[in-house]
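A.B. asks: Output the structure for:
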Amino acid sequence: MVDFHSLDVFSSVRADFAFNSLVNDWVKQVEVNILSRKLLRKREALLVAVSGGVDSMVLLQALSQLAPRHDWKLGVAHFNHQLRGRSSDADERLVRKVAHRLKLPALVGQGDVRQFAQTNKLSIEMAARQLRHEFLAQAAKEMKVKKIALAHHADDQVELFFLRLQRGAGGEGLGGMRWSAPSPVRAKVQLIRPLLSESKEALERFAAENKVAFREDASNASSDFLRNRIRGELIPVLKNQTPPVFETALRSMEIIGAESEYVAGAARDWSRDRDVAFADLHIALQRRILHDELREMDLPVDFELIERLRRSSGEQFSIARNVSVFRDSDGQIHRLEVKNHDFREESRLIKLGQSGQCKFGALRFQWDIQRHVAGVGPRLSCTEFFDADKVGSSIELRHWRPGDRFQPIGLGHEVKLQDFFVNLKIPVEERRQKVVAVAENEEIFWVQGLRISDRFKLKQGTVRKLKWSWKSA
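C.D. replies: Residues are numbered from 1 along each chain as shown. Have a look, this model is predicted:
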(Lines give C-alpha, C1' and ligand atoms only; values in the text may rest on other atoms or scores of the structure.)
Protein backbone atom coordinates (compact mmCIF):
# COMPACT_ATOMS: atom_id res chain seq x y z
CA MET A 1 0.00 0.00 0.00
CA VAL A 2 1.27 3.45 -0.93
CA ASP A 3 1.23 6.06 1.83
CA PHE A 4 0.14 9.10 -0.19
CA HIS A 5 0.61 11.44 2.77
CA SER A 6 4.21 10.35 3.18
CA LEU A 7 4.74 10.63 -0.57
CA ASP A 8 3.42 14.21 -0.54
CA VAL A 9 5.75 15.14 2.30
CA PHE A 10 8.69 13.49 0.54
CA SER A 11 7.87 15.33 -2.68
CA SER A 12 7.63 18.56 -0.76
CA VAL A 13 11.01 17.98 0.84
CA ARG A 14 12.57 17.28 -2.56
CA ALA A 15 10.95 20.41 -3.96
CA ASP A 16 12.27 22.47 -1.04
CA PHE A 17 15.74 21.04 -1.57
CA ALA A 18 15.65 21.92 -5.26
CA PHE A 19 14.33 25.40 -4.47
CA ASN A 20 16.96 26.07 -1.81
CA SER A 21 19.76 24.96 -4.09
CA LEU A 22 18.71 27.35 -6.86
CA VAL A 23 17.60 30.43 -4.94
CA ASN A 24 19.84 32.58 -2.77
CA ASP A 25 19.04 33.85 0.72
CA TRP A 26 17.98 37.28 -0.47
CA VAL A 27 15.24 35.86 -2.73
CA LYS A 28 14.10 33.70 0.19
CA GLN A 29 13.76 36.89 2.24
CA VAL A 30 11.57 38.36 -0.50
CA GLU A 31 9.47 35.20 -0.29
CA VAL A 32 9.16 35.68 3.49
CA ASN A 33 8.01 39.27 2.89
CA ILE A 34 5.33 38.10 0.47
CA LEU A 35 4.03 35.24 2.60
CA SER A 36 4.20 36.93 6.01
CA ARG A 37 2.43 40.03 4.67
CA LYS A 38 -0.06 37.87 2.72
CA LEU A 39 0.67 39.79 -0.46
CA LEU A 40 0.05 36.77 -2.71
CA ARG A 41 -1.80 33.49 -2.41
CA LYS A 42 -0.89 30.24 -4.09
CA ARG A 43 -1.76 30.06 -7.81
CA GLU A 44 -2.52 33.79 -7.93
CA ALA A 45 -1.96 35.89 -11.06
CA LEU A 46 0.29 38.92 -10.84
CA LEU A 47 1.31 41.76 -13.15
CA VAL A 48 4.87 43.00 -12.59
CA ALA A 49 5.48 46.67 -13.41
CA VAL A 50 8.92 46.80 -15.06
CA SER A 51 10.62 50.04 -16.09
CA GLY A 52 13.92 48.53 -17.18
CA GLY A 53 15.83 50.00 -14.21
CA VAL A 54 17.70 47.88 -11.71
CA ASP A 55 14.91 47.86 -9.08
CA SER A 56 12.13 46.50 -11.27
CA MET A 57 14.41 44.13 -13.20
CA VAL A 58 15.56 42.60 -9.90
CA LEU A 59 11.94 42.33 -8.74
CA LEU A 60 11.03 40.53 -11.95
CA GLN A 61 13.96 38.15 -11.60
CA ALA A 62 13.13 37.35 -7.95
CA LEU A 63 9.45 36.75 -8.66
CA SER A 64 10.23 34.57 -11.67
CA GLN A 65 12.39 32.36 -9.41
CA LEU A 66 9.67 32.13 -6.77
CA ALA A 67 6.70 31.70 -9.14
CA PRO A 68 7.09 27.94 -9.88
CA ARG A 69 7.18 27.12 -6.18
CA HIS A 70 3.84 28.88 -5.56
CA ASP A 71 2.22 28.47 -8.99
CA TRP A 72 2.08 32.23 -9.46
CA LYS A 73 1.13 33.33 -12.96
CA LEU A 74 3.25 36.33 -13.93
CA GLY A 75 2.81 38.97 -16.60
CA VAL A 76 4.94 42.03 -17.41
CA ALA A 77 3.78 45.62 -17.93
CA HIS A 78 6.02 48.43 -19.20
CA PHE A 79 5.10 52.08 -19.78
CA ASN A 80 7.26 54.18 -22.11
CA HIS A 81 7.15 57.77 -20.82
CA GLN A 82 8.81 59.12 -24.00
CA LEU A 83 10.89 61.48 -21.85
CA ARG A 84 14.38 60.41 -22.91
CA GLY A 85 14.03 59.74 -26.64
CA ARG A 86 16.09 56.75 -27.77
CA SER A 87 16.94 55.85 -24.19
CA SER A 88 13.23 55.37 -23.38
CA ASP A 89 12.85 53.16 -26.47
CA ALA A 90 15.91 51.15 -25.41
CA ASP A 91 14.30 50.58 -21.99
CA GLU A 92 11.23 49.22 -23.74
CA ARG A 93 13.28 46.88 -25.94
CA LEU A 94 15.12 45.47 -22.92
CA VAL A 95 11.90 44.76 -21.04
CA ARG A 96 10.39 43.05 -24.08
CA LYS A 97 13.54 40.95 -24.53
CA VAL A 98 13.68 39.80 -20.90
CA ALA A 99 9.95 39.02 -20.80
CA HIS A 100 10.36 36.93 -23.95
CA ARG A 101 13.35 35.07 -22.46
CA LEU A 102 11.33 34.31 -19.30
CA LYS A 103 8.39 33.25 -21.48
CA LEU A 104 6.09 35.78 -19.82
CA PRO A 105 3.31 37.73 -21.54
CA ALA A 106 4.08 41.45 -21.77
CA LEU A 107 1.96 44.54 -22.33
CA VAL A 108 3.63 47.81 -23.34
CA GLY A 109 2.06 51.26 -23.34
CA GLN A 110 3.36 54.75 -24.02
CA GLY A 111 2.31 58.35 -23.56
CA ASP A 112 3.54 61.86 -24.19
CA VAL A 113 4.18 62.85 -20.58
CA ARG A 114 5.46 66.35 -21.38
CA GLN A 115 2.39 67.24 -23.41
CA PHE A 116 0.07 65.75 -20.77
CA ALA A 117 1.85 67.74 -18.04
CA GLN A 118 1.55 70.99 -20.00
CA THR A 119 -2.11 70.45 -20.89
CA ASN A 120 -3.11 69.58 -17.32
CA LYS A 121 -0.70 71.99 -15.57
CA LEU A 122 1.09 69.19 -13.73
CA SER A 123 4.72 68.61 -12.89
CA ILE A 124 6.52 66.08 -15.09
CA GLU A 125 6.73 63.70 -12.12
CA MET A 126 3.00 63.90 -11.35
CA ALA A 127 2.02 63.58 -15.02
CA ALA A 128 4.24 60.52 -15.44
CA ARG A 129 2.79 58.93 -12.31
CA GLN A 130 -0.81 59.51 -13.42
CA LEU A 131 -0.31 58.14 -16.94
CA ARG A 132 1.68 55.17 -15.63
CA HIS A 133 -0.99 54.19 -13.09
CA GLU A 134 -3.74 54.55 -15.69
CA PHE A 135 -1.81 52.24 -18.01
CA LEU A 136 -1.10 49.68 -15.27
CA ALA A 137 -4.76 49.58 -14.23
CA GLN A 138 -5.84 49.05 -17.84
CA ALA A 139 -3.15 46.38 -18.34
CA ALA A 140 -4.36 44.54 -15.23
CA LYS A 141 -7.89 44.64 -16.59
CA GLU A 142 -6.83 43.28 -19.98
CA MET A 143 -4.76 40.48 -18.42
CA LYS A 144 -7.54 39.78 -15.87
CA VAL A 145 -5.32 40.12 -12.81
CA LYS A 146 -6.13 41.89 -9.56
CA LYS A 147 -2.61 42.57 -8.29
CA ILE A 148 0.32 44.60 -9.59
CA ALA A 149 3.83 44.31 -8.12
CA LEU A 150 5.87 47.50 -7.82
CA ALA A 151 9.60 47.66 -7.07
CA HIS A 152 9.64 50.33 -4.35
CA HIS A 153 12.27 49.54 -1.72
CA ALA A 154 13.49 50.79 1.67
CA ASP A 155 15.51 53.69 0.25
CA ASP A 156 12.38 54.91 -1.56
CA GLN A 157 10.50 54.78 1.74
CA VAL A 158 13.04 56.88 3.61
CA GLU A 159 13.25 59.38 0.73
CA LEU A 160 9.48 59.71 0.84
CA PHE A 161 9.54 60.21 4.61
CA PHE A 162 11.87 63.21 4.38
CA LEU A 163 10.08 64.63 1.33
CA ARG A 164 6.76 64.56 3.17
CA LEU A 165 8.33 65.76 6.41
CA GLN A 166 9.63 68.81 4.53
CA ARG A 167 6.13 69.44 3.18
CA GLY A 168 4.53 69.18 6.63
CA ALA A 169 2.63 65.91 6.10
CA GLY A 170 0.63 64.25 8.87
CA GLY A 171 0.62 60.65 10.06
CA GLU A 172 -0.97 59.29 6.90
CA GLY A 173 1.76 60.81 4.75
CA LEU A 174 4.68 60.09 7.08
CA GLY A 175 3.62 56.44 7.27
CA GLY A 176 4.87 56.13 3.70
CA MET A 177 3.93 53.53 1.14
CA ARG A 178 2.01 50.47 2.27
CA TRP A 179 2.98 46.90 1.47
CA SER A 180 -0.43 46.54 -0.15
CA ALA A 181 -2.78 49.34 -1.20
CA PRO A 182 -5.52 49.95 -3.78
CA SER A 183 -4.55 51.39 -7.14
CA PRO A 184 -5.25 55.16 -7.23
CA VAL A 185 -6.97 54.60 -10.58
CA ARG A 186 -8.89 51.35 -10.02
CA ALA A 187 -9.69 50.43 -6.42
CA LYS A 188 -10.34 46.77 -7.26
CA VAL A 189 -6.69 46.37 -8.25
CA GLN A 190 -4.16 46.01 -5.41
CA LEU A 191 -0.62 47.36 -5.63
CA ILE A 192 1.85 45.18 -3.74
CA ARG A 193 5.45 46.07 -2.84
CA PRO A 194 7.44 42.92 -2.00
CA LEU A 195 10.76 44.81 -1.69
CA LEU A 196 9.66 47.51 0.72
CA SER A 197 12.03 46.44 3.53
CA GLU A 198 15.00 45.75 1.23
CA SER A 199 17.80 48.26 0.73
CA LYS A 200 18.98 49.60 -2.61
CA GLU A 201 22.38 48.04 -1.93
CA ALA A 202 20.80 44.59 -1.57
CA LEU A 203 19.06 44.98 -4.94
CA GLU A 204 22.24 46.12 -6.66
CA ARG A 205 24.23 43.30 -5.08
CA PHE A 206 21.70 40.75 -6.31
CA ALA A 207 21.81 42.29 -9.80
CA ALA A 208 25.60 42.07 -9.90
CA GLU A 209 25.80 38.51 -8.53
CA ASN A 210 23.11 37.22 -10.88
CA LYS A 211 24.06 39.28 -13.95
CA VAL A 212 20.63 40.90 -14.12
CA ALA A 213 20.41 43.13 -17.19
CA PHE A 214 19.07 46.64 -16.57
CA ARG A 215 19.31 50.19 -17.85
CA GLU A 216 20.22 53.22 -15.75
CA ASP A 217 17.88 56.22 -15.91
CA ALA A 218 20.10 59.28 -16.32
CA SER A 219 17.51 61.49 -14.60
CA ASN A 220 18.20 59.65 -11.35
CA ALA A 221 21.56 61.40 -11.16
CA SER A 222 20.07 64.87 -11.52
CA SER A 223 20.44 67.26 -8.58
CA ASP A 224 17.63 69.48 -9.87
CA PHE A 225 14.95 67.58 -7.98
CA LEU A 226 14.57 67.52 -4.20
CA ARG A 227 14.02 63.76 -4.21
CA ASN A 228 17.31 63.18 -6.00
CA ARG A 229 19.14 65.48 -3.60
CA ILE A 230 17.73 63.49 -0.70
CA ARG A 231 18.72 60.28 -2.50
CA GLY A 232 22.24 61.34 -3.38
CA GLU A 233 23.19 63.45 -0.35
CA LEU A 234 21.01 62.76 2.68
CA ILE A 235 20.43 58.99 2.48
CA PRO A 236 24.17 58.09 2.32
CA VAL A 237 24.77 60.21 5.44
CA LEU A 238 21.88 58.55 7.29
CA LYS A 239 23.20 55.08 6.49
CA ASN A 240 26.59 55.91 8.00
CA GLN A 241 25.23 57.32 11.25
CA THR A 242 25.50 55.56 14.60
CA PRO A 243 22.95 54.63 15.77
CA PRO A 244 21.63 53.84 12.26
CA VAL A 245 19.19 56.65 11.48
CA PHE A 246 18.12 54.95 8.23
CA GLU A 247 16.75 51.88 10.02
CA THR A 248 15.26 54.10 12.73
CA ALA A 249 13.37 56.11 10.10
CA LEU A 250 11.98 52.91 8.58
CA ARG A 251 10.86 51.67 11.98
CA SER A 252 9.27 55.03 12.78
CA MET A 253 7.37 54.95 9.48
CA GLU A 254 6.04 51.50 10.33
CA ILE A 255 4.82 52.75 13.72
CA ILE A 256 3.38 56.00 12.36
CA GLY A 257 1.65 54.16 9.52
CA ALA A 258 0.02 51.62 11.83
CA GLU A 259 -1.17 54.31 14.25
CA SER A 260 -2.49 56.42 11.37
CA GLU A 261 -4.47 53.46 10.05
CA TYR A 262 -5.96 52.97 13.53
CA VAL A 263 -6.99 56.63 13.79
CA ALA A 264 -8.44 56.49 10.26
CA GLY A 265 -10.57 53.49 11.27
CA ALA A 266 -11.74 55.27 14.43
CA ALA A 267 -12.65 58.32 12.35
CA ARG A 268 -14.74 56.19 9.99
CA ASP A 269 -16.48 54.55 12.94
CA TRP A 270 -17.32 57.92 14.51
CA SER A 271 -18.57 59.34 11.22
CA ARG A 272 -20.92 56.38 10.92
CA ASP A 273 -22.26 56.35 14.50
CA ARG A 274 -21.53 59.84 15.92
CA ASP A 275 -22.11 58.47 19.42
CA VAL A 276 -19.74 61.00 21.03
CA ALA A 277 -19.86 64.79 20.68
CA PHE A 278 -17.21 66.14 18.31
CA ALA A 279 -15.93 68.51 20.99
CA ASP A 280 -15.27 65.55 23.33
CA LEU A 281 -13.13 63.61 20.87
CA HIS A 282 -9.35 63.38 21.12
CA ILE A 283 -7.52 66.07 19.13
CA ALA A 284 -5.95 63.46 16.81
CA LEU A 285 -9.38 62.07 15.99
CA GLN A 286 -10.87 65.52 15.40
CA ARG A 287 -8.08 66.35 12.96
CA ARG A 288 -8.48 63.09 11.07
CA ILE A 289 -12.26 63.48 10.78
CA LEU A 290 -11.91 66.99 9.34
CA HIS A 291 -9.05 65.83 7.10
CA ASP A 292 -11.24 63.08 5.62
CA GLU A 293 -14.24 65.38 5.20
CA LEU A 294 -12.19 67.95 3.28
CA ARG A 295 -10.77 65.24 1.03
CA GLU A 296 -14.21 63.76 0.34
CA MET A 297 -15.44 67.23 -0.61
CA ASP A 298 -12.44 67.64 -2.95
CA LEU A 299 -11.25 70.65 -0.95
CA PRO A 300 -7.64 71.54 -0.02
CA VAL A 301 -6.37 69.44 2.89
CA ASP A 302 -4.34 72.00 4.80
CA PHE A 303 -3.19 71.70 8.42
CA GLU A 304 -3.80 75.39 9.18
CA LEU A 305 -7.34 75.17 7.79
CA ILE A 306 -8.02 71.96 9.74
CA GLU A 307 -6.85 73.64 12.96
CA ARG A 308 -9.10 76.67 12.41
CA LEU A 309 -12.08 74.46 11.67
CA ARG A 310 -11.33 72.26 14.68
CA ARG A 311 -11.11 75.18 17.10
CA SER A 312 -14.00 77.28 15.77
CA SER A 313 -17.58 76.18 15.26
CA GLY A 314 -19.63 78.31 12.89
CA GLU A 315 -16.80 80.61 11.77
CA GLN A 316 -16.31 80.90 8.00
CA PHE A 317 -12.90 80.56 6.39
CA SER A 318 -12.10 81.54 2.82
CA ILE A 319 -10.24 78.80 0.90
CA ALA A 320 -10.50 80.00 -2.71
CA ARG A 321 -12.09 82.71 -4.75
CA ASN A 322 -15.81 82.75 -3.89
CA VAL A 323 -15.53 79.61 -1.72
CA SER A 324 -15.69 79.47 2.08
CA VAL A 325 -16.15 76.65 4.58
CA PHE A 326 -17.25 76.35 8.18
CA ARG A 327 -17.74 73.55 10.71
CA ASP A 328 -20.94 73.04 12.65
CA SER A 329 -21.07 71.83 16.26
CA ASP A 330 -21.57 68.23 15.09
CA GLY A 331 -18.21 68.19 13.31
CA GLN A 332 -19.65 68.49 9.81
CA ILE A 333 -17.91 70.79 7.30
CA HIS A 334 -20.12 72.90 5.05
CA ARG A 335 -19.10 74.61 1.82
CA LEU A 336 -20.43 78.03 0.88
CA GLU A 337 -20.34 79.79 -2.47
CA VAL A 338 -19.88 83.47 -1.65
CA LYS A 339 -19.66 86.59 -3.75
CA ASN A 340 -16.61 88.57 -2.77
CA HIS A 341 -17.70 91.97 -4.01
CA ASP A 342 -14.97 93.59 -1.95
CA PHE A 343 -12.14 91.89 -3.83
CA ARG A 344 -10.77 93.65 -6.87
CA GLU A 345 -10.95 91.46 -9.95
CA GLU A 346 -8.86 93.42 -12.49
CA SER A 347 -5.59 91.94 -13.71
CA ARG A 348 -3.00 92.52 -16.40
CA LEU A 349 -0.79 90.02 -18.23
CA ILE A 350 2.58 91.32 -19.40
CA LYS A 351 5.15 89.61 -21.59
CA LEU A 352 8.68 90.05 -20.33
CA GLY A 353 11.07 91.36 -22.94
CA GLN A 354 14.63 92.32 -22.09
CA SER A 355 13.21 95.46 -20.48
CA GLY A 356 9.94 97.34 -20.30
CA GLN A 357 7.41 99.18 -18.21
CA CYS A 358 3.69 99.26 -17.59
CA LYS A 359 1.04 100.72 -15.31
CA PHE A 360 -1.33 98.74 -13.13
CA GLY A 361 -3.63 100.16 -10.48
CA ALA A 362 -1.92 102.97 -8.64
CA LEU A 363 1.58 101.77 -9.52
CA ARG A 364 3.95 102.01 -12.46
CA PHE A 365 6.34 99.10 -12.95
CA GLN A 366 9.68 98.90 -14.72
CA TRP A 367 11.76 95.79 -15.33
CA ASP A 368 15.09 94.84 -16.79
CA ILE A 369 16.60 91.36 -17.28
CA GLN A 370 20.32 91.30 -16.59
CA ARG A 371 23.13 88.78 -16.34
CA HIS A 372 23.53 87.79 -12.71
CA VAL A 373 26.91 88.35 -11.09
CA ALA A 374 27.44 86.85 -7.64
CA GLY A 375 27.74 89.33 -4.81
CA VAL A 376 25.56 91.73 -2.86
CA GLY A 377 24.84 95.00 -4.65
CA PRO A 378 23.52 98.25 -3.17
CA ARG A 379 20.01 98.15 -1.72
CA LEU A 380 17.66 100.22 -3.90
CA SER A 381 14.37 101.72 -2.79
CA CYS A 382 11.26 100.15 -4.37
CA THR A 383 13.40 97.63 -6.27
CA GLU A 384 13.77 93.89 -5.88
CA PHE A 385 15.74 91.25 -7.79
CA PHE A 386 14.47 87.79 -8.78
CA ASP A 387 15.71 84.75 -10.67
CA ALA A 388 14.44 85.63 -14.17
CA ASP A 389 14.36 82.02 -15.41
CA LYS A 390 12.17 80.96 -12.49
CA VAL A 391 9.78 83.86 -13.07
CA GLY A 392 9.40 82.85 -16.72
CA SER A 393 8.42 84.76 -19.84
CA SER A 394 5.22 86.38 -18.57
CA ILE A 395 3.86 87.98 -15.40
CA GLU A 396 0.28 88.53 -14.24
CA LEU A 397 -0.32 91.64 -12.16
CA ARG A 398 -3.44 91.56 -10.00
CA HIS A 399 -4.74 92.19 -6.50
CA TRP A 400 -4.87 89.80 -3.56
CA ARG A 401 -7.52 87.08 -3.84
CA PRO A 402 -8.95 84.66 -1.27
CA GLY A 403 -6.87 81.49 -1.04
CA ASP A 404 -3.65 83.10 -2.31
CA ARG A 405 -0.53 81.47 -0.88
CA PHE A 406 2.99 82.79 -0.66
CA GLN A 407 6.38 81.70 0.76
CA PRO A 408 8.12 84.78 2.18
CA ILE A 409 11.91 84.76 2.00
CA GLY A 410 13.42 83.14 5.07
CA LEU A 411 10.32 81.04 5.80
CA GLY A 412 10.54 77.32 5.12
CA HIS A 413 6.94 76.83 4.06
CA GLU A 414 4.01 78.50 2.34
CA VAL A 415 1.46 80.60 4.22
CA LYS A 416 -1.85 82.06 3.23
CA LEU A 417 -1.53 85.72 2.32
CA GLN A 418 -4.55 86.40 4.50
CA ASP A 419 -2.72 84.98 7.53
CA PHE A 420 0.42 86.90 6.67
CA PHE A 421 -1.58 90.15 6.47
CA VAL A 422 -3.20 89.41 9.83
CA ASN A 423 0.17 88.72 11.48
CA LEU A 424 1.50 92.02 10.14
CA LYS A 425 -1.69 93.79 11.30
CA ILE A 426 -2.39 95.18 7.83
CA PRO A 427 -5.93 96.66 7.73
CA VAL A 428 -8.52 94.85 5.60
CA GLU A 429 -9.04 97.76 3.21
CA GLU A 430 -5.31 98.10 2.66
CA ARG A 431 -5.04 94.39 1.84
CA ARG A 432 -7.56 94.83 -0.98
CA GLN A 433 -5.30 97.43 -2.58
CA LYS A 434 -2.13 95.33 -2.50
CA VAL A 435 -0.74 94.36 -5.92
CA VAL A 436 0.80 90.92 -6.37
CA ALA A 437 2.97 89.65 -9.23
CA VAL A 438 2.40 86.08 -10.38
CA ALA A 439 5.06 84.09 -12.24
CA GLU A 440 4.47 81.98 -15.34
CA ASN A 441 4.06 78.86 -13.14
CA GLU A 442 1.18 80.67 -11.33
CA GLU A 443 3.12 81.18 -8.08
CA ILE A 444 3.21 84.61 -6.42
CA PHE A 445 6.77 85.96 -6.36
CA TRP A 446 6.17 89.56 -5.19
CA VAL A 447 3.61 91.24 -2.93
CA GLN A 448 3.55 95.01 -2.67
CA GLY A 449 5.13 96.13 0.59
CA LEU A 450 6.11 92.62 1.76
CA ARG A 451 9.14 90.34 1.53
CA ILE A 452 9.88 88.63 -1.79
CA SER A 453 9.16 84.94 -2.35
CA ASP A 454 11.84 82.57 -1.13
CA ARG A 455 11.37 80.39 -4.21
CA PHE A 456 12.39 83.16 -6.63
CA LYS A 457 15.33 84.67 -4.79
CA LEU A 458 18.79 84.97 -6.35
CA LYS A 459 21.15 82.19 -5.35
CA GLN A 460 24.15 80.24 -6.53
CA GLY A 461 23.34 78.94 -9.98
CA THR A 462 21.15 81.88 -11.01
CA VAL A 463 22.09 82.89 -14.57
CA ARG A 464 19.78 85.84 -15.26
CA LYS A 465 18.16 88.20 -12.79
CA LEU A 466 14.99 90.25 -13.11
CA LYS A 467 15.33 93.80 -11.78
CA TRP A 468 11.79 94.70 -10.69
CA SER A 469 11.01 98.33 -9.73
CA TRP A 470 7.81 100.21 -8.93
CA LYS A 471 6.60 103.66 -7.98
CA SER A 472 3.35 105.53 -7.63
CA ALA A 473 1.79 106.22 -11.02
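
A.B. asks: Run through the stretch 351-473 of the chain and note the low-pLDDT ranges.
C.D. replies: Counting by pLDDT under 70, the ranges of the stretch 351-473 of the chain that qualify are 375-378, 429, 473.

A.B. asks: 80 - rerun?
C.D. replies: Low-confidence segments of the stretch 351-473 of the chain, defined by pLDDT under 80: 374-380, 402-403, 412, 422-423, 425-432, 473.

A.B. asks: All the strands of it, residue numbers only.
C.D. replies: Ranges of strands in the stretch 351-473 of the chain, per DSSP state E, counting those that start in this stretch, are 355-360, 363-371, 383-387, 394-399, 405-406, 415-416, 435-438, 444-447, 464-472.

A.B. asks: and if you look at the stretch 51-200 of the chain?
C.D. replies: So, for the stretch 51-200 of the chain - with DSSP E, counting those that start in this stretch - the strands run 73-80, 106-110, 147-149, 180-182, 190-192.

A.B. asks: For my notes, please list those in JSON lines and give mean pLDDT, mean neighbour count and distance to K42 for each entry.
C.D. replies: From N, CA and C alone the C-beta is placed, and that goes for glycine too. JSON lines is the format used below for the strands of the stretch 51-200 of the chain (pLDDT from 0 to 100; neighbours: other CB atoms under 10 Å; distance: least, CB to CB, whole Å):
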{"stretch": "strand 73-80", "mean pLDDT": "95", "mean neighbour count": "22", "distance to K42": "11"}
{"stretch": "strand 106-110", "mean pLDDT": "93", "mean neighbour count": "18", "distance to K42": "24"}
{"stretch": "strand 147-149", "mean pLDDT": "97", "mean neighbour count": "24", "distance to K42": "13"}
{"stretch": "strand 180-182", "mean pLDDT": "94", "mean neighbour count": "14", "distance to K42": "17"}
{"stretch": "strand 190-192", "mean pLDDT": "97", "mean neighbour count": "21", "distance to K42": "15"}
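
A.B. asks: Now render those strands as JSON lines, adding distance to N240.
C.D. replies: What follows is the strands of the stretch 51-200 of the chain, written out as JSON lines (distance: least, CB to CB, whole Å):
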{"stretch": "strand 73-80", "distance to N240": "35"}
{"stretch": "strand 106-110", "distance to N240": "40"}
{"stretch": "strand 147-149", "distance to N240": "31"}
{"stretch": "strand 180-182", "distance to N240": "31"}
{"stretch": "strand 190-192", "distance to N240": "31"}
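
A.B. asks: I'd like to know which of these is closest to L203.
C.D. replies: Of all the strands of the stretch 51-200 of the chain, it is strand 147-149 that lies closest to L203, at 14.0 Å by CB to CB.

A.B. asks: Any chance you could list what contacts the closest one?
C.D. replies: Under the contact criterion CB atoms under 8 Å, 6 or more residues apart in numbering, strand 147-149 has outside partners 39-40, 44-49, 59, 63, 77, 136, 140, 183, 189-194.

A.B. asks: mind running it again at 7 Å?
C.D. replies: 40, 44, 46-49, 59, 63, 136, 140, 183, 189-192, 194 (CB atoms under 7 Å, 6 or more residues apart in numbering).

A.B. asks: Need the winner for burial among the strands of the stretch 351-473 of the chain.
C.D. replies: Comparing the strands of the stretch 351-473 of the chain by mean neighbour count (mean count of other CB atoms under 10 Å), strand 444-447 comes out on top with a mean of 24.

A.B. asks: quick one, domains of this structure?
C.D. replies: Using automatic domain parsing, the domain ranges for the chain come out as 23-245, 274-339, 347-472.

A.B. asks: which parts of the helix ranked longest in the chain are buried?
C.D. replies: Longest helix in the chain, counting residues (DSSP state H): helix 245-273. Residues of helix 245-273 classed as buried by neighbour count (16 or more other CB atoms under 10 Å): 245-246, 249-250, 252-253, 256-257, 260, 263-264, 266-267, 270.

A.B. asks: The residue lying closest to E443 once chain neighbours are set aside and D71: what is the separation?
C.D. replies: Computed as CB to CB, 6 or more residues apart in numbering, the closest residue to E443 that is not its neighbour in sequence is R455, at 6.5 Å. To D71, R455 is 53 Å away according to CB to CB, to the nearest Å.

A.B. asks: Which of those two has more residues huddled nearby?
C.D. replies: R455 (17 against 10; other CB atoms under 10 Å).

A.B. asks: what separates that one from E414, distance-wise?
C.D. replies: From R455 to E414 the distance is 9 Å (CB to CB).

A.B. asks: Mind listing the shared neighbours of the two?
C.D. replies: Listed as contacting both R455 and E414 by CB under 7 Å, 6+ apart are Q407.

A.B. asks: didn't L83 look like it was pressed against G111?
C.D. replies: No. Using CB atoms under 7 Å, L83 is not in contact with G111; the gap is 10.0 Å.

A.B. asks: Which of those two has more residues huddled nearby?
C.D. replies: Between L83 and G111, G111 has the larger neighbour count (other CB under 10 Å), namely 18 against 15.
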